[in-house]
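**Q** I would like to see how this sequence folds:
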Amino acid sequence: MARTRIGLACAVALLMCARPSAQNVESGRKAFVTRCASCHGTDGNGGELGPAVAARVILRTDDELRMVLRTGFPAAGMPPFSTLSDAEAADLVAFVRTLKPRTSTVPVRSPFTLADGRVLDGLVLNRTHGDVQVLDAKQRIQLLRPEGNRYRAVTSQADWASYNGGPDGSRYSTLAQIDRSNVERLAPKWMFTLPNTSRLQVTPVVVGGVMYVTSANECWAIDAGSGREIWRYQRPRTKGLIGNAAGGVNRGVGVAGDRLFMVTDHAHVIALDRHTGALLWDTEMADWRQNYNATGAPLPVGNLVITGTSGGDEGVRGFVGAYDQATGKEVWRFWTVPAPGERGSETWQGKGIAHPGGSTWMTGAYDRQLDTVYWTVGNPGPDLIGDDRLGDNLYTDSVVALDAKTGGLKWHFQFTPHDVWDYDAQEPTALVDMTWQGKPRKLLVQANRNGFLYVLDRATGEFLSGAGFIKNITWASGLDPHGRPVRVPGMEPSPDGKRVCPSLDGATNWYSSSFNPLTNLYYVQTNDKCGIFTRTDQEWAAGRGFMGGSFRQAPDEPARRLLRAIDIRTGKVAWEVAQTGNVNSWGGVLSTAGRVVFFGDDSGAFAAVDAENGRRLWSFQTSQLWKASPMTYVFDNQQYVAVASGSTIIAFGLR
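**A** Presented below is the predicted three-dimensional model:
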């Protein structure tokens, strides 16, 4: 019984459509009965062979609907009607515009007697024999479970309120109900499939018993204990968009109070009421027509929500933006590449500064005590050609430490100066407090795509240590005492193709890593993989990519995917777990106080190993290519571990 909310742009498009005549509608009805009803039902609300279309047509223009009729979706079982005349198509579209979702989708008001004798009167959003979701008089979601002839209110006792679970980015949970002794009893508790989506990259967020998951321009609120849908927000995808968001990528939401924040595919940041899904505000961050798009999960900090955009492979100029949570008004912006004449612009020699890259599509971290935001920065553009951007190209491939209130730069550290291999710094960072060489320090740790592990003092940006964490690094021979790579000559991409290690996929990438303070180990999904980097000269253009070449895996060389546990004090690998697969998975890591490490195995299984020694403890085969990272929460006093597998969210709990 979920309510679908439609974006303003779509509503405007519909108002502009001419009203069809009764004759057109009747002709279209006859065509629908003969061509469509056997699959989609005579009222368009679904049949044995096809899904409901009544609620979907409003998301498409007339031209798009005509295109669907002519080309179909053969892979999904819908054949094309290639012989449909223009007049027949127009009549058919006119009729489907009249279809309405069944009235059973409208919430009804009902009273519920609770176990303590109170009566809850509210709108029933969804109800089965085992669970009820209600919107009360204060417009708050209430989750109920039957208990005899009364109902018991349930919620979550431990939330996961942002992309990494907390502002420190470590993907470590203090939950220990699931531990090394019982993890073998883990089993699926529920599954929720997001319709019309590809492989999800979202990390679920849980607040107040409700789970929030996204794909591009869509958000679902789900009962975190049963997997039942509560509400759905949806707006049309942006036509003509390029970049990762055009493929449906969205990594999730951030929640603060009663507001939920997410980005849209065309580089807006929006706020929704987390109880109802109502749109509260919508702010454009950048013009998508200039190759901007957005995929990352925003980070709430104080009264701000902070986020960035994608588009580094398409030649945008990256930035980190902070927006007022109540109004959506931009409070500050930090440009990741200085404008000509500004400090740092001397590190860009040539015309490349006009389309520099440096996008900011991953979620940052925040230190409340230092009131500092840490954000990683993407690669310069074009990715594989550096001729028109000689110099270090600040602040690409860096982590920047920003004053949370003003966005002012406190310090930066650049991992890969003058990058020509797409070794962006969009890998997660962990903020770690520990004793370092005999005294307590605030650390920032990152396993970088370029193959080196870095430990920095996050108060000052001082480089403390660095070491390679994969088998083969050929682009650099090591790091100097300041953490700057010692480059190997002749490793630049060439027109004929140059073999370089690691490959463009990186020694690791954007998927989550995890630091566990109980073991002092940093868990990272890694790739031992070399690639062929091929240069192709090109000029920037709106609506086109700006890679400057192509890449492929080095032929006849075995590649391996390994989960590695790294001792950050020494830089050495404490243990590793080899995986069997095509070394093309993108699943991340979660570690817990139960001394368990969860990860997406390259074989397609969701797996758990002992955090101390890497011993395999449990696995569940999903037969999916991993694109997402796991999280954990407690609902109704039971710990769950949830992960997006393919287009489905799976929540596991103890049997």
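**Q** C-alpha from now on. contacts and neighbour counts both.
**A** OK.
**Q** so what's the residue nearest the centre of the chain up against?
**A** In the chain, the centroid-proximal residue (Cα atoms, centre = their mean) is Arg251; its distance is 1.2 Å. Each residue near Arg251 by Cα atoms under 8 Å, 6 or more residues apart in numbering is listed here: Tyr163, Leu200, Gln201, Val202, Thr203, Thr214, Ser215, Thr295, Gly296, Ala297.
**Q** Against Tyr212, how distant is the residue nearest to it when sequence neighbours are not counted?
**A** The shortest distance from Arg251 to any non-neighbouring residue, by Cα to Cα, 6 or more residues apart in numbering, is to Val202 (3.8 Å). Val202 sits 10 Å away from Tyr212, going by Cα to Cα, to the nearest Å.
**Q** Can you check which residues contact both of the two?
**A** Gly252.
**Q** per-residue confidence averaged over stretch 118-125?
**A** Mean pLDDT, computed over stretch 118-125, is 94.
**Q** What is the neighbour count of the closest residue in space to Ile532 that isn't next to it in sequence?
**A** Among residues not flanking Ile532 along the chain, Arg499 sits closest, at 4.5 Å (Cα to Cα, 6+ apart). Neighbourhood size, Arg499 [other Cα atoms under 10 Å]: 22.
**Q** And Trp586, by the same measure?
**A** Count around Trp586 with other Cα under 10 Å applied: 22.
**Q** show me what contacts it?
**A** Contacts of Trp586 (Cα under 8 Å, 6+ apart): Asn509, Tyr511, Gly600, Leu625, Trp626, Lys627, Ala628.
**Q** which SS class is it?
**A** Here Trp586 is recorded as coil under DSSP: H, G, I helix; E, B strand; the rest coil.
**Q** Now do it against Lys410, distance only.
**A** 32 Å.
**Q** again with Thr61
**A** 48 Å.
**Q** Show the low-confidence segments of this protein, by residue range.
**A** Counting by pLDDT under 70, the chain contains low-confidence ranges at 1-20, 59, 75, 103-106.
**Q** got the residue ranges for the helices in it?
**A** 8-16, 22-35, 37-40, 62-71, 86-96 (DSSP state H).
**Q** nearest to Thr536, of the contacts of Trp586?
**A** Nearest to Thr536 out of the contacts of Trp586 is Asn509 (Cα to Cα; 23.9 Å).
**Q** so that closest one makes contact with Tyr423?
**A** No: in this structure, Asn509 is not within contact of Tyr423 by Cα atoms under 8 Å, at 9.0 Å.
**Q** on that earlier part again, of the contacts of Trp586, which pair is most distant in space?
**A** Maximum distance among the contacts of Trp586 (Cα to Cα): 15.4 Å, for Asn509 and Leu625.
**Q** Show me which of the two is the more surrounded one.
**A** Between Asn509 and Leu625, counting by other Cα under 10 Å, Asn509 is the more crowded of the two (26 against 21).
**Q** which residues does the nearest residue in space to Asn637 that is not next to it in sequence contact?
**A** The shortest distance from Asn637 to any non-neighbouring residue, by Cα to Cα, 6+ apart, is to Gln157 (6.5 Å). Applying Cα under 8 Å, 6+ apart, one finds that Gln157 lies in contact with Gly208, Gly209, Tyr633, Val634, Phe635, Asp636, Asn637.
**Q** Let's see if you can find the most crowded of those residues.
**A** Neighbour counts for the contacts of Gln157 (other Cα under 10 Å) peak at Tyr633, which has 26 neighbours.
**Q** Give the bridge partners for that one, please.
**A** Per DSSP bridges, the residues bridged to Tyr633 are Tyr640.
**Q** Look up how far Lys627 lies from it.
**A** Distance of Tyr633 to Lys627, computed by Cα to Cα: 20 Å.
**Q** Could you do Thr113 as well?
**A** 43 Å.
**Q** Among the helices of the chain, which comes closest to Cys530?
**A** Per Cα to Cα, nearest to Cys530 of the helices of the chain: helix 62-71, 40.1 Å.
**Q** Other residues contacting that closest one?
**A** Cys17, Val57, Pro79, Pro80, Phe81, Ser82, Thr83, Leu84, Ala89, Ala90, Val93.
**Q** Stretch 552-560 now?
**A** Counting by Cα under 8 Å, 6+ apart, 499, 503, 527-533, 578-580, 583 sit against stretch 552-560.
**Q** Go again with 6 Å.
**A** The contact list for stretch 552-560 (Cα atoms under 6 Å, 6 or more residues apart in numbering) reads Asn527, Asp528, Lys529, Cys530, Gly531, Ile532.
**Q** burial measure for the residue lying closest to the second one once chain neighbours are set aside, as a count.
**A** Which is Asp528. In space, and not counting its chain neighbours, Asp528 is closest to Arg560: 5.1 Å by Cα to Cα, 6+ apart. Neighbour count for Arg560, taken as other Cα under 10 Å: 18.
**Q** Looking at the contacts of Gln157, which is nearest Asp392?
**A** So of those, ranked by how close each gets to Asp392 (Cα to Cα), first place is Tyr633, at 42.5 Å.
**Q** The closest one and Val134, how far apart?
**A** From Tyr633 across to Val134, the span is 22 Å (Cα to Cα).
**Q** on that earlier part again, can you pick the most crowded of the contacts of stretch 552-560?
**A** Going by other Cα under 10 Å, Asn527 tops the contacts of stretch 552-560 with 28 neighbours.
**Q** Tell me which residues touch that residue, please.
**A** Going by Cα under 6 Å, 6+ apart, Asn527 touches Ala507, Arg560, Arg561.
**Q** Then Asp392?
**A** Thr347, Pro417, His418.
**Q** Likewise for Leu144?
**A** Asp131, Val132, Tyr151, Arg152, Ala153, Val154.
**Q** Using a markdown table, please lay out those residues together with neighbour count and distance to Phe192.
**A** Shown next, in a markdown table, are the contacts of Leu144 (neighbours: other Cα atoms under 10 Å; distance: Cα to Cα, whole Å):
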| residue | neighbour count | distance to Phe192 |
| --- | --- | --- |
| Asp131 | 19 | 15 |
| Val132 | 23 | 16 |
| Tyr151 | 22 | 24 |
| Arg152 | 17 | 23 |
| Ala153 | 15 | 22 |
| Val154 | 17 | 20 |
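**Q** re earlier: now render the contacts of Trp586 as CSV, adding distance to Ala339.
**A** Listed next are the contacts of Trp586 as CSV, based on distance: Cα to Cα, whole Å:
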residue, distance to Ala339
Asn509, 28
Tyr511, 31
Gly600, 41
Leu625, 40
Trp626, 38
Lys627, 35
Ala628, 35
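**Q** Tell me the one among these nearest to Pro356.
**A** Using Cα to Cα, the contacts of Trp586 come closest to Pro356 at Asn509, 20.9 Å.
**Q** Name the nearest residue to His418, sequence neighbours excluded.
**A** Asp392 (4.5 Å).
**Q** Could you do Val399 as well?
**A** Take Val399 and drop its neighbours on the chain: the residue closest to it by Cα to Cα, 6+ apart is Thr376, 4.3 Å away.
**Q** residues near the one you found, how many?
**A** 30.
**Q** Okay, the residue nearest to Asn637 and Ser226: tell me how far apart.
**A** For Gln157, the distance to Ser226 - Cα to Cα - is 15 Å.
**Q** With Trp348 instead?
**A** Distance, Trp348 to Ser226, using Cα to Cα: 54 Å.
**Q** Between the two, which is the more surrounded one?
**A** Ranked by neighbour count (other Cα under 10 Å), Trp348 and Ser226 place Trp348 first, with 24 against 16.
**Q** so who does the more buried one touch?
**A** Arg389, Leu390, Gly391, Asn393.
**Q** Can you tell me which of the residues you listed is nearest Met262?
**A** Met262 lies nearest to Asn393 out of these, by Cα to Cα, at 29.8 Å.
**Q** Look up how far Ala644 lies from the residue nearest to Arg251.
**A** Val202 is 7 Å from Ala644, by Cα to Cα.
**Q** Show me whatever sits in contact with both of the two.
**A** Joint contacts of Val202 and Ala644 (Cα under 6 Å, 6+ apart) are Ala628.
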